[in-house]
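Asks: For reference, the sequence and a predicted model appear below.
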Amino acid sequence: MGKLDGKVAIITGGSGGIGSAAAKVFAGEGAQVMLVDLDGDAMAKTVAEIGEDKAACTVADVADSAQTQAYVAAAVERFGGVDIALLNAGIEGQVSPITDYPEEMYDKVIAVNVRGVFLGLKYVMPEMQKRGKGSIVVTSSTAGIRAVSGMSAYATSKHAVIGLMRAAALEGAADDIRVNTVNPSPIDTRMMESLEQMHGLPARDGSNRPMARHTPLQRYGEPEEVAKLMLFLSSDDSSFCTGGVYMVDGGVSAGRV
Ligand SMILES: NC(=O)c1ccc[n+]([C@@H]2O[C@H](COP(=O)([O-])OP(=O)(O)OC[C@H]3O[C@@H](n4cnc5c(N)ncnc54)[C@H](O)[C@@H]3O)[C@@H](O)[C@H]2O)c1
């Protein structure tokens, strides 16, 4: 028996490192998954790997209201409802001080990372109310609880989604809709490599990654390690957990080693 037997999960950012790992872990635990992303080709590969009986995908921009309503409708049409949503799509923006940070890039990061989560909550929660319960996991970051120099827009966005999560947890509680954040970093995905390059950190040298030495566990996390926390928060194992901020960061938020 799987921990998510009979459940339907929407996963935004579904073609990315963490999203595709979550799709595989969730399907392995019995869920049917609807992947949502801008990158249709990568999602199609993940769907083929999981199997079309358990996975489907829809191309959508999470910052767009009509496209958000369309991805929620697609999950309901294909799988009959929504029990779980991983609001996980995100972009890193660029690395530069606030005085040089382009206004358009700031707006874009906030649109995808914050408005995208707001719209996901707005249109997913009514479907969960129909089911009488639900679990929503928002991907924040260690940058959601402390700032990162040069990453004002990203850090702002990841703090902001904690506020959104707390508001949604309070509003959803009467319908047994639980809402939590996971706060990863550093996880071995495209986004982390992009950030390393933008920070001018040395290129990866085999398994020797530049941020590992600032991480108490001395390594990067794997996307599957985030997916397993998402699984806990999405399953009935976490039935009394809502409104929480859950670190999955190798000890980074504890301080500097
Ligand atoms: N990798 C890390 O160390 C790390 C750390 C903290 C937080 N996160 C967060 O985890 C989440 C997943 O990131 P990842 O590491 O898997 O990176 P990733 O770049 O592999 O995945 C992000 C996905 O989001 C999708 N996306 C971007 N804009 C979109 C939009 N407008 N509409 C729909 N989809 C869109 C991308 O196409 C991509 O597939 C992000 O929210 C990120 O901020 C990652």
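Replies: Cool, got the structure.
Asks: ok, stretch 163-170 near the ligand or not?
Replies: No - using C-beta under 6 Å from any ligand atom, stretch 163-170 stays clear of the ligand, with a minimum separation of 13.0 Å. In this view, the C-beta of every residue, glycine as well, is placed from N, C-alpha and C.
Asks: For that stretch, buried residues please.
Replies: The neighbour-count check on stretch 163-170 (16 or more other C-beta atoms under 10 Å) flags 164-166, 168-169 as buried.
Asks: for those, which one is nearest Ile18?
Replies: Taking C-beta to C-beta as the measure, Ile18 lies nearest Met165 of these, at 16.7 Å.
Asks: tell me the average confidence for whatever helix or strand that closest one lives in?
Replies: Secondary structure from DSSP states H and E places Met165 in helix 152-172. Computed over helix 152-172, the mean pLDDT rounds to 98.
Asks: what's the spacing between it and its chain's center?
Replies: With C-alpha atoms, centre = their mean, to the nearest Å as the basis, helix 152-172 stands 12 Å off its chain's centre.
Asks: So what touches that helix?
Replies: For helix 152-172, contacts defined as C-beta atoms under 8 Å, 6 or more residues apart in numbering pick out 87, 90, 92-93, 97-98, 101, 105-106, 109-110, 113-114, 117-118, 121, 125, 128, 134, 136, 138-141, 143-148, 177-181, 183, 242-243, 245.
Asks: elements contacting the strand or helix carrying Val226?
Replies: Val226 belongs to helix 223-234 when assigned by DSSP H and E. Helices and strands touching helix 223-234, as assessed by 3 or more C-beta pairs under 8 Å, 6 or more residues apart in numbering; DSSP states H and E, comprise helix 17-28, strand 84-87, strand 134-139, strand 177-184, strand 245-248.
Asks: Please work out the average pLDDT along the last one.
Replies: Looking at strand 245-248 alone, the average pLDDT works out to 98.
Asks: Equivalent analysis for the third one, please.
Replies: Averaging pLDDT along strand 134-139 yields 99.
Asks: Quick one: check that strand for contact with the ligand.
Replies: Yes - against the ligand, strand 134-139 shows contacts by C-beta under 6 Å from any ligand atom at Thr139.
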